[in-house]
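Engineer: All I have is the shape, not the residue letters:
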């Protein structure tokens, strides 16, 4: 009981709260949790590698085909792999009561959600990007295309995580959200997929890619600024109805 | 008479086509403890979630220090500590890591070392063990350790004593008494018998929809 021997008179506090220590704490807690739960870390990556390596086996190992389809295959696999990991984004927190505590923090929920999505991307998106050069070589892509592919994934996978966060927050109250989450999120993923693969195609044909990258960058900025608002509102609704 | 910290007037809540409670008025002042009573399903948890701002499907007005909670939400959250049914503990993290994460978001509480709070809830030997190795009662104690570090004047504790042993409940009762003496306000629900002098109680059974219909 030593911690409570003398207690000053309690009065409501007026001063505002610091934001960054809270965001850092949320980030640290999420990363630690993911690192200790290895399957959360490895399942999306394993899925990514499996899907990509099935194409040469199942369709054609011809160099011409793989060069043509390689970027598309890698992008679709990255998209599906992100989709697979989305349900974990808020569900554990929801079931453990951590989410209630996040909603009751005095810091803006926008920043908390932003932090959580970035943590999720660090754990699920970054490993995919790191794995891409290896799989690119397997699919016979040339060095230029691989570099371009990695850059598009670097811009594109955070967009997938941010858009996915809205769907994950909306379907939180449902027992099994899998299919509904996919139905909600995949239509919104299509522009990212088109611009992502389009960039690599253009690079492969020697066309300028600056405008493609600018569009992907614009999508990222849009997702970064708007998606956390929508996800925060959806989280409030889901927690309120639970 | 000073303004109550938290005041609610005419609260009613409907859930799943059923009127849970209606016409609930309450006021908690600095230094008072309000115990919300009622059988299972009476709406105790829902009432506490409404007061904390987690549940928005209600009618009525809630005032924090005399102003609408919606208007002064940040100030309200700054001064509230809520512990719900689910303790808000990450099972893969240690008690120390969990506490540090929870407290970083409520910086008013941070002056005493975390170990002191863990010692107060008898968890110091388990400070570096992942929480999923701990028992249900011990996991709840991790959440309750926050109480020993809290500077927030308002506590809302939903079934805080569930799975806590006799000695644990007794030391929590002492803690609550100290808080009241220091000017803290507490709203709680529990099925335990509490021996705290000066506790007020609110019986939700008196406010059920059926009683109104009769």
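Structural biologist: Happy to help now that I have it. Remember, it's a predicted structure, so these values are computed and weren't measured experimentally.
Engineer: Might you name the residue of chain B sitting closest to chain A?
Structural biologist: residue B:86 (2.8 Å; CB to the nearest CB). For every residue, glycine as well, the C-beta is placed using N, CA and C.
Engineer: which residue ranges form the helices in the chain?
Structural biologist: Going with chain A. Here chain A has its helices, by DSSP state H, at A:20-36, A:38-58, A:63-86, A:88-96, A:98-103, A:109-138, A:143-170, A:178-204, A:210-240.
Engineer: That was the other one, I meant chain B.
Structural biologist: B:44-52, B:73-78, B:95-104, B:114-120, B:136-149, B:166-181, B:209-213.
Engineer: need those helices in a markdown table with mean pLDDT and distance to residue A:197, can you?
Structural biologist: Below are those laid out as a markdown table (pLDDT from 0 to 100; distance: least, CB to CB, whole Å):
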| stretch | mean pLDDT | distance to residue A:197 |
| --- | --- | --- |
| helix B:44-52 | 93 | 46 |
| helix B:73-78 | 89 | 44 |
| helix B:95-104 | 89 | 39 |
| helix B:114-120 | 85 | 50 |
| helix B:136-149 | 90 | 47 |
| helix B:166-181 | 90 | 59 |
| helix B:209-213 | 52 | 58 |
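Engineer: Residue B:7 is in contact with residue B:26, isn't it?
Structural biologist: Yes - Residue B:7 is in contact with residue B:26 according to CB atoms under 8 Å; the separation is 7.2 Å.
Engineer: that older thread, output the helices of chain B as CSV; include the columns distance to residue A:157.
Structural biologist: Converted to CSV, the helices of chain B look like this (distance: least, CB to CB, whole Å):
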stretch, distance to residue A:157
helix B:44-52, 36
helix B:73-78, 33
helix B:95-104, 26
helix B:114-120, 36
helix B:136-149, 35
helix B:166-181, 47
helix B:209-213, 50
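Engineer: before we move on, back to that, looking at the helices of chain A, which is closest to chain B?
Structural biologist: Closest among these, using CB to the nearest CB: helix A:20-36, at 3.3 Å.
Engineer: so how far is the closest one off the chain centroid?
Structural biologist: From the chain centre to the centre of helix A:20-36 is a distance of 16 Å (CA atoms, centre = their mean, to the nearest Å).
Engineer: That one and chain B, are they touching?
Structural biologist: Yes - using CB under 8 Å from any CB of the partner chain, helix A:20-36 reaches chain B at A:21, A:22, A:24, A:25, A:26, A:28, A:29, A:32, A:33, A:36.
Engineer: Pipe those into JSON lines and attach neighbour count per row.
Structural biologist: Output for the residues of helix A:20-36 next to chain B, formatted as JSON lines (neighbours: other CB atoms under 10 Å in any protein chain shown):
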{"residue": "A:21", "neighbour count": "15"}
{"residue": "A:22", "neighbour count": "24"}
{"residue": "A:24", "neighbour count": "13"}
{"residue": "A:25", "neighbour count": "20"}
{"residue": "A:26", "neighbour count": "26"}
{"residue": "A:28", "neighbour count": "17"}
{"residue": "A:29", "neighbour count": "24"}
{"residue": "A:32", "neighbour count": "17"}
{"residue": "A:33", "neighbour count": "23"}
{"residue": "A:36", "neighbour count": "15"}
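Engineer: Just give me the least confident of those.
Structural biologist: The member of the residues of helix A:20-36 next to chain B with the lowest pLDDT is residue A:21, at 87.
Engineer: How about that residue, nearest residue that isn't a chain neighbour?
Structural biologist: Excluding the flanking residues, the one nearest residue A:21 by CB to CB, 6 or more residues apart in numbering or on different chains is residue B:104, at 5.0 Å.
Engineer: Quick one: residues contacting that neighbour.
Structural biologist: Taking CB atoms under 8 Å, 6 or more residues apart in numbering or on different chains, we find residue B:104 in contact with A:21, A:22, A:24, A:25.
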